[in-house]
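1. Build the 3D model from these lines:
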Amino acid sequence: MLYSLITITSGVYIGLIILLFIFQSYYIYHPDPDVTDTPALYQLPFEEVYLQTADQIKLHGWFVPVANPRATLLFFHGNAGNITYWLEFLNIFHQLGFNSFHVDYRGFGKSGGSPSENGTYQDAMAAWNYLVTQRQLAPTSIILHGQSLGGAVAGWLATQQTSKALILESTFTSVPAMASELFPYLPVRWLTRYQYNTLENLKKIHCPILIIHSPDDEIIPFAHGQKLFAEAPEPKTFLQIQGEHNGGVFLNLPHYTQGIESFLLKLGL
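-> Numbers count the residues shown, from 1 in each chain. Below is the predicted model:
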């Protein structure tokens, strides 16, 4: 009886490990192919942009200009949906006086290909190159802003290029760290094919950093934001917001925008 129980338990445990290993990408990426709205929903001017990555993947995005921009914000969204899910943020950025450029990762929205960690990094570099080469923007006029998974992407890009600043919003320290918290009884640190190691990348960054996180975040624990801030080099700022992972900023939008505004003033913008 005991032997049978041990055998069944071991089989279930091994089965869970195998399933977790095989279906990792389904835990990481949740793309939506349907782009149902545009920035026109908020009466924002915008340009439809198509660009190509170094590995020949066609990406889709929107460039939203503003008269007399303080800077240009390159925004990377989270792991679900597509750029239409983040239109409210483009409206906020516009009101703050930013140009903004928001591009869908490969496999999301109208972008071709399938998502992968290296793929998202190539997508980020293609978006950067578009701003610097085709828009002829100075690197020091570009602010990188990533939400959730997008923070990991923005953090990686900040190790490759020198931007005006980096904003990490509701971002995790790394995928293995998150996975070990979600599955504490499985050896996920040794199984995961994804790293997205924001914590390690932060140590290589040499621009001002704003970290935004909520203690109410039910997806990325507040401790991740705290750890990122503790390890980030100076100059750095922490903005504590309220509410859940998705849309919590809208519970107290003035606090959110004032926190970003204060950070911008420190940058001389």
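
2. From here on, just use CA atoms for contacts and neighbour counts.
-> OK.

3. where in the stretch 101-250 of the chain is pLDDT low?
-> 183-191 (pLDDT under 70).

4. Break down it into its helices, ranges please.
-> Ranges of helices within the stretch 101-250 of the chain are 117-129, 149-160, 175-182, 188-191, 198-202, 222-231, based on DSSP state H, counting those that start in this stretch.

5. now those helices as JSON lines including distance to A54 and mean neighbour count?
-> As requested, the helices of the stretch 101-250 of the chain are exported to JSON lines (distance: least, CA to CA, whole Å; neighbours: other CA atoms under 10 Å):
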{"stretch": "helix 117-129", "distance to A54": "7", "mean neighbour count": "21"}
{"stretch": "helix 149-160", "distance to A54": "15", "mean neighbour count": "25"}
{"stretch": "helix 175-182", "distance to A54": "25", "mean neighbour count": "17"}
{"stretch": "helix 188-191", "distance to A54": "29", "mean neighbour count": "16"}
{"stretch": "helix 198-202", "distance to A54": "22", "mean neighbour count": "21"}
{"stretch": "helix 222-231", "distance to A54": "30", "mean neighbour count": "18"}
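
6. Would you tell me which of those helices gets closest to A71?
-> Across these, A71 has its closest neighbour in helix 117-129 (13.9 Å, CA to CA).

7. And the contacts of stretch 88-96?
-> For stretch 88-96, contacts defined as CA atoms under 8 Å, 6 or more residues apart in numbering pick out 39, 42, 44, 64-66, 73, 99-100, 257, 261.

8. If we go by neighbour counts, what in it is buried?
-> 89-91, 93-94, 96 (16 or more other CA atoms under 10 Å).

9. a markdown table for those residues, including distance to I57 and pLDDT?
-> Output for these, formatted as a markdown table (distance: CA to CA, whole Å; pLDDT from 0 to 100):
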| residue | distance to I57 | pLDDT |
| --- | --- | --- |
| F89 | 26 | 94 |
| L90 | 24 | 95 |
| N91 | 28 | 95 |
| F93 | 27 | 95 |
| H94 | 28 | 97 |
| L96 | 32 | 95 |
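
10. which of the residues you listed lies closest to P176?
-> Nearest to P176 among the buried residues of stretch 88-96, with distances taken as CA to CA, is F89, at 28.4 Å.

11. rewinding a little: G268: which of the helices of the stretch 101-250 of the chain is closest?
-> Per CA to CA, nearest to G268 of the helices of the stretch 101-250 of the chain: helix 149-160, 19.7 Å.

12. just the contacts of stretch 88-96 now: which is nearest V175?
-> Looking across the contacts of stretch 88-96 and measuring by CA to CA, the closest to V175 is L73, at 25.2 Å.

13. What strands flank the helix or strand where that closest one lies, and is each parallel or antiparallel?
-> Using DSSP states H and E, L73 sits in strand 71-76. Using DSSP bridges, strand 71-76 pairs in its sheet with strand 98-103 (parallel), strand 142-147 (parallel).

14. Reformat those as CSV; add mean neighbour count.
-> Formatted as CSV, the strands paired with strand 71-76 follow (neighbours: other CA atoms under 10 Å):
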stretch, mean neighbour count
strand 98-103, 25
strand 142-147, 24
